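J.: 3D model of this:
(chains A, B and C)
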Amino acid sequence: MSRAPRTTSEPPRLGFCCTFIPDPDPQHKTLKAAKDAAKLMNLGTVTMAHLERLGPAARFEKLEGVVRHNLAALERQVAWVAARPPLERLLRMASSVLPGYTHPVAQPLYAEPALRDRIAAGLARIGEQARAGGVRLSMHPGPFCIIASRNPNAQANGIAELEYHAEVMAMLGYGSGWHPHGAHVNIHIGGREPGIEGFRENLSLISETARNLLTVENDESLFGLDAVLRLGDRVPVVLDLHHHWVESRGEYLEPDDPRIQAVIASWRGVRPVSHISVSRESLLPDHDPGALPDFPALSGQGHSWRDLAAHSELMWNEAVNALVARHLVWSDFEIEAKGKNQASVPLAARIGRDREAAAA
DNA sequence: GAGGGTCAAGTCCGT
DNA sequence: ACGGACTTGACCCTC
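T.: Predicted coordinates:
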């Protein structure tokens, strides 16, 4: 197995996930103008039910139109990220680039050379631009993407879904080698059964390309950090600090925690990626932004586990932000805030300022 | 254009 | 038993 290139010497990066939110801009005189601006930058989709209702020609045209838009939008997202300061050059791509890729209604359309060639050319170009611009790319398939399930059908669909993500990555130019340029496709374990051992066994059922891109993330209830670290010899672990806080009922991991070394080791030479988010600001309107949220205390005040797990709009908590800055020594970060770039850009600016001040 | 129903898929939690 | 949440509410139809 190839391990090059190493990225541990890479500079730190953080970024937003999937969707770009334009700045509130007086240029956009109407709500519609603002919405149109957002549409240009973001990927769309089409429902399989809608495609199914169309005749053969309209069906192809509809899907082709969406895919064309998505390739153009993804290219604009990558270009936008590439133009940001180095600290911000990381992007989680939306999974909807090629809607319904594994669905029987859309599958035959994707086999048409006209569409296939357009996709291959478009993604190759985007990948080149990402690499030229120093943008680290990832994908995070949805909850349906599980590689081990008690339900054989669900498992087959889940593996197909993972292979779809791996194919997109391959077309972008990340199809061979161990997490090339830090690229990865990150999933959760899924169901309680067959759990970690089922996951490990089923690694043999996925392609080498997918295995080379796969990472596994700790979740907030069933499979916490200790559980996913049991896969660390085979699969890099994406540490979600917020999930860990929820799962452990209040622990914020520090960089010197021994478990961090295990996470780093699981990436085998590649600079890790971690996730961060914080409980919703609307849930905690009176919370001190300078203090880390205290899970037992908040629970005691009647906040449910579910509510505390939900993500905030912005990175409102400075103590959490300072924690991210400390962890950036060893890991990149995907900022999982509903406000997307509106949350990640100010966070990066704050961290950038602090780093400059410390260097001066 | 606005509003409401629909959307491929798994699994768990809370009610 | 069913709705909501997760990654991410967006899409589609009707008025």
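J.: any idea which helix or strand of chain A has the worst average confidence?
T.: helix A:31-41 (a mean of 82; mean pLDDT, DSSP states H and E).
J.: for that one, packing partners?
T.: Counting by 3 or more C-beta pairs under 8 Å, 6 or more residues apart in numbering; DSSP states H and E, the packing neighbours recorded for helix A:31-41 are helix A:56-82. C-beta: built from backbone N, CA, C; applies to glycine.
J.: Now the element after the least confident helix or strand of chain A, going C-ward?
T.: Next helix or strand after helix A:31-41 toward the C-terminus (DSSP states H and E): helix A:48-53.
J.: how about that following helix: buried residues?
T.: Buried residues in helix A:48-53, counted by 16 or more other C-beta atoms under 10 Å: A:L51.
J.: who's in contact with A:G191?
T.: By C-beta atoms under 8 Å, 6 or more residues apart in numbering, A:G191 lies in contact with A:146, A:148-150.
J.: measure A:L239 to A:E334 for me?
T.: A:L239 is 11 Å from A:E334, where distance means C-beta to C-beta, to the nearest Å.
J.: Next: A:S204.
T.: 28 Å.
J.: Check A:V320 too.
T.: 14 Å.
J.: Mind listing the shared neighbours of A:L239 and A:E334?
T.: Shared contacts of A:L239 and A:E334, defined by C-beta under 8 Å, 6+ apart, comprise A:274-275.
J.: For A:I159, the count of nearby residues, please.
T.: Around A:I159 there are 21 other residues, counting by other C-beta atoms under 10 Å.
J.: So stretch A:120-140, near DNA strand B or not?
T.: No - Stretch A:120-140 does not reach DNA strand B (C-beta under 7 Å from any atom of the strand); its nearest approach is 12.4 Å.
J.: before we move on, the earlier item: what are the buried residues along the least confident helix or strand of chain A?
T.: So helix A:31-41, judged by 16+ other C-beta under 10 Å, has buried residues A:34, A:37, A:41.
J.: on that earlier part again, which one's more surrounded, A:S204 and A:E334?
T.: When neighbours are counted by other C-beta under 10 Å, A:E334 comes out ahead of the other of A:S204 and A:E334, with 25 against 7.
J.: what does the stretch 201-350 of chain A have sitting close to DNA strand B?
T.: A:221-222, A:304-306.
J.: Show me which residues of chain A sit near DNA strand C.
T.: Counting by C-beta under 7 Å from any atom of the strand, the residues of chain A close to DNA strand C are A:17-19, A:44-47, A:50, A:53, A:62, A:94-96, A:140, A:142-144, A:188, A:219, A:306, A:309-311, A:336, A:338.
J.: Tell me which of the residues you listed fall in helices.
T.: A:50, A:53, A:62, A:306, A:309 (DSSP state H).
J.: Nearest to A:V345 among those residues?
T.: A:A309 (24.5 Å; C-beta to C-beta).
J.: State the pLDDT value of the residue located most distally from the centre of chain A.
T.: Distance from the centre of chain A peaks at A:G55, with 35.1 Å (C-alpha atoms, centre = their mean). Here, the pLDDT recorded for A:G55 equals 92.
J.: So what's the residue count around A:R249?
T.: 11.
J.: Give the closest residue to it in space, chain neighbours not counted.
T.: A:F295 (5.1 Å; C-beta to C-beta, 6 or more residues apart in numbering).
J.: and the one you found, what is it in contact with?
T.: A:245-246, A:249-250, A:308.
J.: what do you get for A:H50?
T.: A:H50 neighbours (C-beta under 8 Å, 6+ apart): A:K62.
J.: what pLDDT does it get?
T.: In this model, A:H50 is scored at 94, pLDDT.
J.: How about whichever residue of the stretch 201-350 of chain A sits closest to DNA strand B: what's its closest non-neighbour residue?
T.: Taking C-beta to the nearest atom of the strand as the measure, the point where the stretch 201-350 of chain A comes nearest DNA strand B is A:W305, at 4.3 Å. Leaving aside its sequence neighbours, A:W305 sits nearest to A:V246 (C-beta to C-beta, 6+ apart; 6.8 Å).
J.: who's in contact with the helix or strand containing the one you found?
T.: Assessed by DSSP H and E, A:V246 sits inside helix A:241-247. If you take C-beta under 8 Å, 6+ apart as the criterion, helix A:241-247 is touched by A:217-221, A:224-225, A:251-253, A:274-278, A:293, A:295, A:305, A:308-309, A:311, A:323-324, A:327, A:336.
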